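>>> Kindly return the folded structure for what I paste below:
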Amino acid sequence: MILNNNFAVFILTHGRPNNVITYSTLLKQGYTGKIYLIIDNEDKTASKYYDIYGPDKVIMFNKLEIAKSFDEFDNFGDRRTIVYARNACFDIAQKLGIKYFLELDDDYTAFDFRLYNNKAILKPVKNLNNLFALILNYYKSISAKSITLAQGGDFIGGIDNGKELFRFSKRKAMNTFFCSVDRPFKFIGRINEDVNTYIYKQSTGLLFLTICNASITQKATQSNHGGMTDIYVNRGTYIKSFYTVICSPSSVCIRQMNAKHQRLHHSINWECAVPKIIDSKYKKYVKTLF
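Next up, the predicted model:
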């Protein structure tokens, strides 16, 4: 299966010209299509990106101009987050004449298949061209605004909830976004932008999905210098999680995660978060009075 010229991978990166892990991972796992590194005009290491990857593969956007185009949820004036690059990608793709694109962070160490035969089996993807083409074909056939790959952490604690169902919601959408210029949307909130977006947008009837049979592995949060690490170190997940409470206080609260290193984190009540589609067989026909 071959990807055509109508598709490209965008790696969103900042301050890591010598450490764009995702770029080498893509090549190692068989991707041969278009790759662009998306940087902003406030990146002090911009010149190094051009030196290493060349002017044809590096695209710069104006961060302040993008900031004016969506709700940041605060007035801090600190723009050291990925949301600006996420929103810039739609205009960039259109200018490049690309209809479909995949947004990736810059710290992925692996793309894997998730297979299940009584237990979970992890298999590295050998040909990312084929995987991306399959997902893109599926994306074209549905009405979702965006679809994403799962994250390794989604499977901690087992793959099901005792009812042969994935224990996490497949309507979440984080990190890896397959998008189309024909299905534009704005990411919202300066921090936790992916969660803010899939919660708020889906509450209005839009659709986001996670592909559960393939996943990415990335560097642990706050372990990779540059990017958004400084924001997380300075602010922590406590403030980060409250951005999602702002956009949906009826379905999101803050709870303590029962992890090795306990921390406060957002918790989503999916019963209150998004509309449910009810089968027409449950429709009640009532005689009108007139």
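>>> For the residue nearest to the spatial centre of the chain, what are phi and psi?
Nearest to the geometric centre of the chain sits residue 175, at 2.7 Å (CA atoms, centre = their mean). Backbone torsions of residue 175, given as degrees, to the nearest 10, read phi 80, psi -60.
>>> now residue 61
The phi/psi pair for residue 61 (degrees, to the nearest 10) is phi -120, psi 160.
>>> Enumerate the beta-bridge partners assigned to it.
Going by DSSP bridges, residue 61 is paired in beta bridges with residue 40.
>>> tally of neighbours for it?
17 (other CB atoms under 10 Å). Where C-beta positions appear, they are placed from N, C-alpha and C, glycine not excepted.
>>> Please determine how far it is located from residue 17.
For residue 61, the distance to residue 17 equals 16 Å [CB to CB, to the nearest Å].
>>> mind checking pLDDT for the nearest residue to residue 268 once chain neighbours are set aside?
Sequence neighbours aside, residue 252 is the residue nearest to residue 268 in space, at 5.5 Å (criterion: CB to CB, 6 or more residues apart in numbering). On pLDDT, residue 252 comes in at 93.
>>> Equivalent analysis for residue 274, please.
89.
>>> Work out for me the element the closest residue to it other than its chain neighbours sits within.
Using CB to CB, 6+ apart and skipping residues adjacent in sequence, the residue nearest residue 274 is residue 202, 4.3 Å away. In this structure, residue 202 sits in helix 193-203 according to DSSP states H and E.
>>> helices or strands next to that helix in the packing?
Applying 3 or more CB pairs under 8 Å, 6 or more residues apart in numbering; DSSP states H and E, we find helix 193-203 packed against strand 208-218, helix 229-247, strand 263-268, helix 270-273.
>>> in this structure, which spans are helices?
21-28, 46-53, 63-67, 83-96, 128-141, 193-203, 229-247, 270-273 (DSSP state H).
>>> ok, and for the fourth one, which residues are buried?
By that I understand helix 83-96. Within helix 83-96, the residues that count as buried by 16 or more other CB atoms under 10 Å are 83-90, 92-93.
>>> Would you reformat the helices of the chain as CSV and include distance to residue 283?
Shown next, in CSV, are the helices of the chain (distance: least, CB to CB, whole Å):
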stretch, distance to residue 283
helix 21-28, 48
helix 46-53, 56
helix 63-67, 44
helix 83-96, 38
helix 128-141, 27
helix 193-203, 23
helix 229-247, 32
helix 270-273, 21
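>>> any idea which of the ones you listed scores lowest on pLDDT?
Of all the helices of the chain, the minimum mean pLDDT falls on helix 229-247 (a mean of 73).
>>> The residue nearest to the centre of the chain is in contact with residue 149, isn't it?
Yes - assessed by CB atoms under 8 Å, residue 175 is found in contact with residue 149 at 7.4 Å.
>>> what sits in contact with each of these two?
residue 216 (CB atoms under 8 Å, 6 or more residues apart in numbering).
>>> who does residue 255 bridge with?
Assigned bridge partners for residue 255, using DSSP bridges, are residue 265.
>>> Pull the contacting residues for it.
Residue 255 sits next to 264-267 when contact means CB under 8 Å, 6+ apart.
>>> Against residue 247, how distant is it?
In this view, residue 255 and residue 247 are 17 Å apart by CB to CB.
>>> Also residue 100?
From residue 100 to residue 247 the distance is 27 Å (CB to CB).
>>> just residue 86 next, same as before
According to CB to CB, residue 86 and residue 247 sit 15 Å apart.
>>> Equivalent analysis for residue 132, please.
30 Å.
>>> neighbour count winner among the two?
Ranked by neighbour count (other CB under 10 Å), residue 132 and residue 247 place residue 132 first, with 25 against 20.
>>> Was I right to think the more buried one contacts residue 26?
No - Residue 132 lies out of contact with residue 26 (CB under 8 Å); the separation is 9.8 Å.
>>> Residue 65: neighbouring residues, count only.
Using other CB under 10 Å, residue 65 has 12 neighbouring residues.
>>> List the buried residues for stretch 58-69?
For stretch 58-69, by 16+ other CB under 10 Å, it's 58-61, 63, 66.
>>> Low-confidence stretches in the stretch 151-290 of the chain?
156-169, 221-236, 258-262, 285-290 (pLDDT under 70).
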